[in-house]
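>>> Return atomic coordinates for the entry below.
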Amino acid sequence: MELSSQSDIKRIFRVTGTPENFLTALRYKVWGFNNKLDWEKQEPGDIIFFHSQGKSVFKSHPMSCIVGFGVVGNNFFTDNTPLWIDEKIDDKSYPFKFSFSEIYLFSDIPINDDWDSTTLKKKDITLKIIEKLIENGIPLADLQRFPHMGSYSSIKNADTISQLLKANREYSFYFGENEENIITKSTSLTEFADENESLRYATSLSVFDDIKRKVIRGGSSSKKMNFDLLSRAEQAHFDIVSYLRLFFRNKGYKVFNNNHVDIFAHDSKTSVLIEAKSVENKNFKSQSRKGIIQLYEYSYFEIAKYKTKNNLKFNNDFKVLATSKKPDDSEYIKFINSLGIQTTAVINSQIISYGHSIDLHNL
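As a prediction, this is how the structure comes out:
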């Protein structure tokens, strides 16, 4: 699957800022707006291209160019503490913040203490890092119909999006915040109508083939962050979710999801809430713990809200932990089942229930 084929599904934006502010965004995996309305427009899974403008306190007339992009994560918050250098020396303020789940730059920037983009204390070395940041940038002059007005806007022109996604650039990959620990913003439950929509709110791009092809494996930061391992885990999660969404749709269920809930499916009598986890035997417990909490939290808040809003009551409400493998830890499986959670695996497009669980085929 290519990200470029999802450009009408994933929302794409650009922000304009100084190159030093994008270095700060890279170090802290965060971006900020001075406008609350702009901040409220963003949703987890959005893609934001970084337009480094032609001015800087470190370098005279840097090239105006696109230096990379980030994926909007789940953590939205307000904070008036000055972070970016223009908040400290130019009386700017960007209190409406969100985290990035992933950042992809066209240059390999080391994350270390040698440079400091938030002050002028290490000006010479920071200048060199800025030059490295923009050296592989896509000049704005090369992009047709790229939006110029203001510091933030959506990018809707198909040709512009195609140029950005298909540009001949390699990516240095950077992990963002730990998404499972800092969820603060929920999108509405949306009925799943098309397989292509399954990645609308996904906060990782590592399942897309055109992203995988461009990530630099040899870069120092890329090695440490092990993009390939992330990609395999995300692919396994995607395979589970895609298969089960189609499975329930074919059974006549309505199927919903948002940026938290992998699957909520129901007909007139039965509802099924599913949390998918990519597991190996060594991480089965840790992944299951997260899944248990997520199932009960989503059931208590988002699913209960949906039922109340739509005046729905079901004869049976099932919670299901769906894993990419059938684990060996029978005692922990018993523990999960004792909480009223069903356990099943999706392996090679086959549903395999384990423990004392219902067979999803019988629903």
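>>> so who does the residue nearest to Asp38 when sequence neighbours are not counted touch?
Taking CB to CB, 6 or more residues apart in numbering, and ignoring the residues beside it in sequence, Asp38 has Tyr152 as its nearest neighbour in space, at 5.3 Å. Bear in mind the C-beta positions are built from the backbone N, C-alpha and C, glycine included. With contact set as CB atoms under 8 Å, 6 or more residues apart in numbering, Tyr152 has these partners: Phe13, Arg14, Val15, Thr16, Phe33, Asn35, Asp38.
>>> Out of those residues, give me the two with the largest separation.
Arg14 and Asn35 (15.0 Å; CB to CB).
>>> Could you check the pLDDT of Ser221?
With respect to pLDDT, Ser221 scores 55.
>>> Repeat that for Ala141.
Looking at Ala141, its pLDDT is 88.
>>> Longest helix of the chain, counting residues only.
The longest helix of the chain (DSSP state H) is helix 227-250.
>>> Show me what it is packed up against.
strand 254-257, strand 263-266, strand 270-277, strand 316-323, strand 341-347, strand 350-353 (3 or more CB pairs under 8 Å, 6 or more residues apart in numbering; DSSP states H and E).
>>> Can you tell me the strand partners of the first one and which way each runs?
Meaning strand 254-257. Note on strand 254-257: by DSSP bridges, its sheet partners are strand 190-191 (antiparallel), strand 263-266 (antiparallel).
>>> and if you look at the fourth one?
For strand 316-323, sheet partners with direction are given as strand 270-277 (parallel), strand 341-347 (parallel), following DSSP bridges.
>>> what does that strand contact?
Contact with strand 316-323 is made by 240, 244, 262, 269-279, 284, 287-288, 291-292, 295-296, 299, 336, 340-346, 357-358, 360, 363, as judged by CB under 8 Å, 6+ apart.
>>> Among the residues you listed, name the buried ones.
Buried by 16 or more other CB atoms under 10 Å: 240, 244, 262, 271-279, 284, 287-288, 291-292, 295-296, 299, 336, 341-346, 357, 360, 363, out of those.
>>> Between Arg14 and Asn35, which is the more surrounded one?
Arg14 (22 against 13; other CB atoms under 10 Å).
>>> sorry, back to before: let me know which of the strands paired with strand 254-257 is tucked in deepest.
For the strands paired with strand 254-257, the largest average neighbour count (mean count of other CB atoms under 10 Å) is found in strand 263-266, namely a mean of 24.
>>> Please export the C-alpha coordinates of that strand as CSV.
The C-alpha trace of strand 263-266 is given here as CSV (Å, rounded to 0.1, in the frame of the first residue of the first chain):
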residue,chain,number,x,y,z
ILE,A,263,-13.1,-2.0,16.0
PHE,A,264,-16.6,-1.6,17.5
ALA,A,265,-19.0,-3.7,15.6
HIS,A,266,-22.7,-4.4,16.3
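>>> Show me the contact partners of that strand.
Contacts for strand 263-266 (CB under 8 Å, 6+ apart): 189, 192, 241, 244-245, 248, 253-257, 271-274, 276, 298, 303, 306, 312, 314.
>>> which residues does the nearest residue to Tyr296 once chain neighbours are set aside bridge with?
Take Tyr296 and drop its neighbours on the chain: the residue closest to it by CB to CB, 6+ apart is Lys319, 7.6 Å away. Beta-bridge partners for Lys319, by DSSP bridges, are Leu273, Ile341.
>>> Tell me, how many residues neighbour Lys319?
22.
>>> I'd like the distance between it and Asp8.
Lys319 sits 33 Å away from Asp8, going by CB to CB, to the nearest Å.
>>> returning to that earlier point: which of the strands paired with strand 316-323 sits closest to Ile47?
Ile47 lies closest to strand 270-277 among these, at 22.6 Å (CB to CB).
>>> After that closest one, heading C-terminal, what element do we hit next?
Note on strand 270-277: by DSSP states H and E, the next helix or strand toward the C-terminus is helix 284-298.
>>> Let me know the average pLDDT across that following helix.
Throughout helix 284-298, pLDDT has a mean value of 95.
>>> which residues touch the residue lying closest to Leu165 once chain neighbours are set aside?
Spatial nearest neighbour of Leu165, chain neighbours left out: Ser4 (4.5 Å); criterion: CB to CB, 6+ apart. Neighbour list for Ser4: Ile161, Ser162, Leu165, Lys166, Asp210 [criterion: CB under 8 Å, 6+ apart].
>>> Just the buried subset of these, please.
Ile161, Leu165.
>>> For the contacts of Ser4, could you give me TSV that also reports pLDDT and secondary structure?
TSV is the format used below for the contacts of Ser4 (pLDDT from 0 to 100; DSSP: H, G, I helix; E, B strand; the rest coil):
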residue	pLDDT	secondary structure
Ile161	93	helix
Ser162	91	helix
Leu165	92	helix
Lys166	92	helix
Asp210	92	helix
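>>> that older thread, any idea which of the helices and strands packed on helix 227-250 gets closest to Glu170?
In terms of CB to CB, the element of these nearest to Glu170 is strand 270-277, at 30.8 Å.
>>> Pull the residues that contact that closest one.
Against strand 270-277 from outside (CB under 8 Å, 6+ apart): 237, 240-241, 244, 248, 253, 261-266, 287-288, 290-291, 294-295, 298-299, 303, 307, 312, 314-324, 346, 360, 363.
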